[in-house]
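Using only what follows, build the 3D model:
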Amino acid sequence: MNGSATTVDGEAFSRLFRSHAASVAIITTVADGVPVGFTATSVVSVSAAPAVIAFSVNRTSSSHHALRSGVEVLVHFLDAVHTRIADVFATSGLDRFAAADWCWDEAGLPRLAGVDARARAVITRTIEAGSSELFIAELLTARAPEAREPLIYLDRRYRALAELTPTSS
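Next comes the predicted model:
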């Protein structure tokens, strides 16, 4: 390294990540008694002991205001059959919860019906990262069914993992 910083332009960055498959989740919480939620492809495992995850949100996102240290969130890990709800929670300007089947869970968080893989977490730290903010969260509960077909986002569209797996002939 020569010590000079170089940056990648936005188009090169987008091209790179269009070819990077990511799992799809919906993160929900509550702000001033109102349910808030968004689709995320940035959820990552950070640590198993203690169980810690991270996700990022653009600071211009309508959901960003609801997230801060100490806030609890419910992370819904979507299956391949959940493309419609992923689209709903990725759409700006839409009353997302009016278009979703959901209820309040036992912790007072909005829980999406039919999403069996989920984790409740508390945000413990935030880190500014460019135009986004990285949220670090410790898991309080986790529910992971044995068999599931995760929803994947690749090249600007949702896909089933099976669609990406070559079959032997």
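
Flag the shaky bits of the chain, pLDDT-wise.
1-5, 165-169 (pLDDT under 70).

In it, mark out all the strands, start to finish.
Secondary structure of the chain (DSSP state E): strands at 22-23, 25-31, 34-40, 44-48, 51-58, 72-77, 102-104, 110-112, 117-129, 132-143, 151-154, 157-160.

can you list those strands in a markdown table and add distance to residue 14?
C-beta: built from backbone N, CA, C; applies to glycine. Formatted as a markdown table, the strands of the chain follow (distance: least, C-beta to C-beta, whole Å):
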| stretch | distance to residue 14 |
| --- | --- |
| strand 22-23 | 13 |
| strand 25-31 | 21 |
| strand 34-40 | 17 |
| strand 44-48 | 19 |
| strand 51-58 | 14 |
| strand 72-77 | 24 |
| strand 102-104 | 31 |
| strand 110-112 | 28 |
| strand 117-129 | 17 |
| strand 132-143 | 14 |
| strand 151-154 | 13 |
| strand 157-160 | 14 |
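
who are the neighbours in contact with residue 105?
By C-beta atoms under 8 Å, 6 or more residues apart in numbering, residue 105 lies in contact with 74, 111, 120.
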